[in-house]
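Asks: Quick one, what's the 3D model for this:
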Amino acid sequence: MSVNAKLVKELREKTGAGMMDCKKALVEVDGDLDKAVDFLREKGISQAAKKADRVAAEGLAKIKIDGNTAAIVEVNSETDFVAKNEQFITLIDDILELLIKEKPVALDDVLALKSGDKTLNDSINEVVAKIGEKISLRRFVVIEKTDEESFGGYIHMGGRIAALSVLKGIDDEAARDIAMHVAANDPRYINKDDVPNSELEHEKEVLKQQASNEGKPENIIEKMVQGRLNKFLEEICLDDQDFVKDPDQKVKKYLAAKGLEVKNFVRYEVGEGMEKRQENFAEEVQAQMKK
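Replies: Numbers count the residues shown, from 1 in each chain. Below you'll find the model as predicted:
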């Protein structure tokens, strides 16, 4: 059947799909607009499945704070071009809205959340169909605080790194400063008490071997190991790090002067720990032209 241009335009505006895809969908369903939307969604799910083996190690990390609830999320794409795409950014904002509203715990629970008549998984697949890249929700955390605590959020490099802090005490500016420090210095624990014994013992063994390889006598090794272990703890523990805005004092001292202390923090760096695909832009363009 023939399809008029007005209907094609309406479907395109409704779905964001390409003109030829919209025309084909309408032909397949005899001009029924609602069925055409479903057809494109199903097609998008099919396309998303074909992209499942691709590496998505780019993307964005974002934060939303709403009253006593905050959420931080990392959503991945295949290229950094997509990270600047308006539809991709809107998708992340929608995910954050759902996280704040529903407060899920597991990743599977998030994908099953509904906004209107669609699940989040449906929404992700629709964006995959429009953009043409694999998109994946990698990780998230939802945190709640009391009225006597403060949230701080900081985004670095346009969403390459996101950090969220929770302080005991009310000082939003200080909380943001701590989030900025976390983004810059990448601590792993709040203080020494949080470091697992297994990690401490492992580090001790490594340091002992280092000192032994340097030919140090046994009576010196123990002191060297303790000194280096203390240095290691200063590097990985937030409280003991030099405060990024005032390196002459430790984070704990900066906060104590304000009657504050760190309760929790989360730091996401996009793609950390993931194997990234090596891009050849010329080959990518040629591949797209063949489609």
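Asks: Output the lowest mean pLDDT helix or strand found in this structure.
Replies: helix 281-290 (a mean of 48; mean pLDDT, DSSP states H and E).
Asks: Contacts only, for Asn191.
Replies: Contact partners of Asn191, counting by C-beta atoms under 8 Å, 6 or more residues apart in numbering, are 237-240, 252. No exception for glycine: its C-beta is placed from N, CA and C like everyone else's.
Asks: swap the cut-off to 10 Å and go again
Replies: 233, 237-240, 251-252, 261-262 (C-beta atoms under 10 Å, 6 or more residues apart in numbering).
Asks: now swap in Leu99 and tell me
Replies: 64, 66, 69-73, 110, 113, 120, 140-142.
Asks: farthest pair in these?
Replies: Spanning the widest gap among those are Ala70 and Leu120, at 18.9 Å by C-beta to C-beta.
Asks: Now which of the contacts of Leu99 would you call buried?
Replies: 64, 69-73, 110, 113, 120, 140-142 (16 or more other C-beta atoms under 10 Å).
Asks: if you look at those, which of them are in strands?
Replies: 64, 69-73, 140-142 (DSSP state E).
Asks: Let me have those in CSV, adding pLDDT as columns.
Replies: Shown next, in CSV, are these (pLDDT from 0 to 100):
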residue, pLDDT
Lys64, 98
Thr69, 98
Ala70, 98
Ala71, 98
Ile72, 98
Val73, 98
Phe140, 97
Val141, 97
Val142, 98
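Asks: quick one on the thing from earlier: output the buried ones among the contacts of Leu99 in a markdown table; the columns should cover distance to Glu133.
Replies: Below are the buried ones among the contacts of Leu99 laid out as a markdown table (distance: C-beta to C-beta, whole Å):
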| residue | distance to Glu133 |
| --- | --- |
| Lys64 | 24 |
| Thr69 | 31 |
| Ala70 | 28 |
| Ala71 | 24 |
| Ile72 | 23 |
| Val73 | 18 |
| Val110 | 20 |
| Leu113 | 22 |
| Leu120 | 18 |
| Phe140 | 20 |
| Val141 | 25 |
| Val142 | 27 |
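Asks: which one of those is nearest Ala174?
Replies: Nearest member of those to Ala174, counting by C-beta to C-beta, is Ala70, at 15.8 Å.
Asks: show me what contacts Asn68?
Replies: 143-147, 149, 151.
Asks: so which pair among these is furthest apart in space?
Replies: Across the contacts of Asn68, the two lying at the largest distance from each other (C-beta to C-beta) are Ile143 and Asp147, at 14.6 Å.
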